[in-house]
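Participant: need coordinates for the below:
(one chain, ligands or ions: 1)
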Amino acid sequence: MSKPIVSFLVSGRGSNFKAIADKIVQGYINAGLGILISDKKDAKALDIAGSYGMDSFFVDPGLYISREEHEKAMIKLLKKADSDLIITAGYMRVLTPYFVKKYKNKIINIHPALLPSFPGTNGQKQAFDKGVKIAGCTTHFIDDGTDTGPIIMQATVEVKENDTLESLSSRILEEEHKIFPETVKLFCDGKLKIIKNKVHIK
Ligand code: GAR
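Facilitator: Predicted structure coming up:
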């Protein structure tokens with residue numbers, strides 16, 4: 001069987017994209033690198049993609065009359081690259097049901113909080129401001145809601161008395177870089193099964 005092709009949607013720095021791409025290049029994840037699409041022209045991830053020899057695209061949301069039209073342009077590129085799995089790695093747009101349907105149970109996101117707590121933007125800040133003692137991150141399949149899809153993996157991070165938002169966020173990011181590649185590996189090895197909205201790991 002041929003290796004699944006993994007493509008990426010990003011908006012910025014691209015550290016999670018890099019964590020996954022490194023594991024693909026090393027052969028730890030049995031997959032091929034597809035393309036990377038950014039909705040931001042100056043996303044650092046676009047440069048990182050170049051360093052892997054990947055095709056990368058800035059698809060400007062401002063050029064389309066609706067979110068679906070913007071997504072249609074992205075889907076065209078993703079299809080052309082034969083993408084089997086779409087990774088949203090710091091992609092700061094909510095995908096519409098149109099996109100989600102096209103790649104049903106084939107889009108995986110990382111969120112910097114322990115879902116279902118603190119969905120949406122600035123998950124780390126929401127948790128820090130609430131004074132949680134245990135923070136963390138979550139990988140999940142994307143469904144029609146905002147950060148509501150079936151949970152795949154989670155990692156916890158203890159909040160220290162002297163933590164700042166920055167120090168906490170950076171320890172959460174370290175955990176993101178561990179669970180996201182592991183999650184992609186499980187998917188590519190065919191080990192994830194969704195039954196009644198719950199992910200079972202074979
Ligand atoms: C990561 O912390 C990721 O969890 C978060 O954006 C950051 C992207 O960093 N995603 C969200 O908040 C999605 N709601 P990166 O570009 O270095 O991977």
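
Participant: how near is Ala155 to Asp147?
Facilitator: As defined by CB to CB, to the nearest Å, Ala155 lies at a distance of 16 Å from Asp147. In short, each C-beta sits where N, CA and C put it, glycine included.

Participant: does Ile24 touch Ile5 like I think?
Facilitator: No: at 10.0 Å, Ile24 does not count as touching Ile5 under the criterion of CB atoms under 8 Å.

Participant: okay, the two: which has more neighbours?
Facilitator: Neighbours per residue (other CB atoms under 10 Å) separate Ile24 from Ile5, with Ile24 holding more: 21 against 17.

Participant: how distant is the helix or strand that contains the more buried one from the center of its chain?
Facilitator: Take DSSP states H and E as the rule and Ile24 turns out to sit in helix 15-25. The gap between where helix 15-25 is centred and where its chain is centred comes out at 11 Å by CA atoms, centre = their mean, to the nearest Å.

Participant: name the helices or strands packed onto that helix?
Facilitator: Under the contact criterion of 3 or more CB pairs under 8 Å, 6 or more residues apart in numbering; DSSP states H and E, the helices and strands touching helix 15-25 comprise strand 5-10, strand 32-38, helix 44-51, strand 85-88, helix 165-188.

Participant: who wins for proximity to Lys125 among the ones you listed?
Facilitator: Closest approach to Lys125 among those (CB to CB): helix 165-188, 5.8 Å.

Participant: show me what the closest one is in contact with.
Facilitator: Counting by CB atoms under 8 Å, 6 or more residues apart in numbering, helix 165-188 makes contact with 3-4, 6, 15-16, 19-20, 22-24, 28-31, 85, 87, 89, 108, 110, 112, 124-125, 127-128, 135-137, 139, 152-157, 159-160, 192, 201, all of which sit outside it.
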